[in-house]
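Student: just a sequence and a predicted model for now, questions to come.
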Amino acid sequence: MNSANTHGLGFVHRFVPAEADGRTPLLLLHGTGGDESDLIPFGLQLSPGAALLSPRGKVNEGGAARFFRRRAEGVFDTEDLAFRTNELADFMVQAQKVYGLAEPIAIGFSNGANIAWSLLYNRPETIAGAILIRAMLPFEPPSLPDIKNVPILILSGASDPIVSVETRDRLAQSLKSAGADVRYEVLPAGHQLTRQDLALASEWLRGH
Ligand code: MLT
């Protein structure tokens, strides 16, 4: 089955069933203006045969779908972020039951990476690990979550005009302080996905 509606799960989403044994399912979280189909080709290349679950963000910013509201570029509505994080986590718990999935590794790009970070902080039990592509630290968390040894790959762009060096460094540092098993790579790239992201993410996934 390859679906493109909510199926009673509250989020428009696509689900691609596993075609190979032993692959951790991937939760695909698109960037601003994307949708549930955006990262499917990336997921298929990242881990061929793995189950893919790809929801569409519910916030509409002038026609662009996002996972949570912002007041301006890089200025987030933290109440909405908390609400949307729980909503997404609840969707995942239900989807795992309906589709018979193990805990997924989240693959988040940009806005999708930022809500993946929030899942790690607020509902860490819902994901087995994360690849955060062009992520920033949405806010300085007041306490550290229990994410000891959770594998996380951060892929940042050296010339990213949206994510500052400071915010990506703080993101990596904060996750390391919480005990996560963090690999932090800064690529010769801007905000967009590159072939090097695919290569590094595939290599990292093979080891997890
Ligand atoms: C965000 O808003 O989550 C990030 O600034 C990146 C973006 O989506 O433009």
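Tutor: On my side now, so go ahead.
Student: now do the contacts for the residue lying closest to Asn149 once chain neighbours are set aside.
Tutor: Distances taken as C-beta to C-beta, 6 or more residues apart in numbering put Asp181 closest to Asn149, at 5.3 Å, once the chain neighbours are dropped. (Glycine included, C-beta is placed from N, CA and C.) Contacts for Asp181 (C-beta atoms under 8 Å, 6 or more residues apart in numbering) come out as Asn149, Val150, Pro151, Ile152.
Student: which residues does Asp181 bridge with?
Tutor: With DSSP bridges as the criterion, Asp181 is bridged to Pro151.
Student: ok, now how distant is it from Gly190?
Tutor: 27 Å (C-beta to C-beta, to the nearest Å).
Student: go on, Pro141?
Tutor: Noted for Pro141: a distance of 27 Å to Gly190, by C-beta to C-beta.
Student: so the lengthiest helix in the chain, near the ligand or not?
Tutor: Across the chain, the longest stretch assigned as helix under DSSP state H is helix 78-99. No - between helix 78-99 and the ligand, judged by C-beta under 6 Å from any ligand atom, nothing touches; the nearest distance is 9.2 Å.
Student: repeat for stretch 107-119
Tutor: Yes - Stretch 107-119 comes into contact with the ligand (C-beta under 6 Å from any ligand atom), by way of Ser110, Asn111, Asn114.
Student: now the helices for this structure?
Tutor: So, for the chain - with DSSP H - the helices run 40-46, 78-99, 111-122, 165-177, 195-206.
Student: pLDDT score assigned to the nearest residue to Asp146 once chain neighbours are set aside?
Tutor: Counting by C-beta to C-beta, 6+ apart, Asp146 lies nearest to Pro124, which is 6.3 Å off, once chain neighbours are set aside. Pro124 is assigned a predicted lDDT (pLDDT) of 96.
Student: right, I'll call it a day here.
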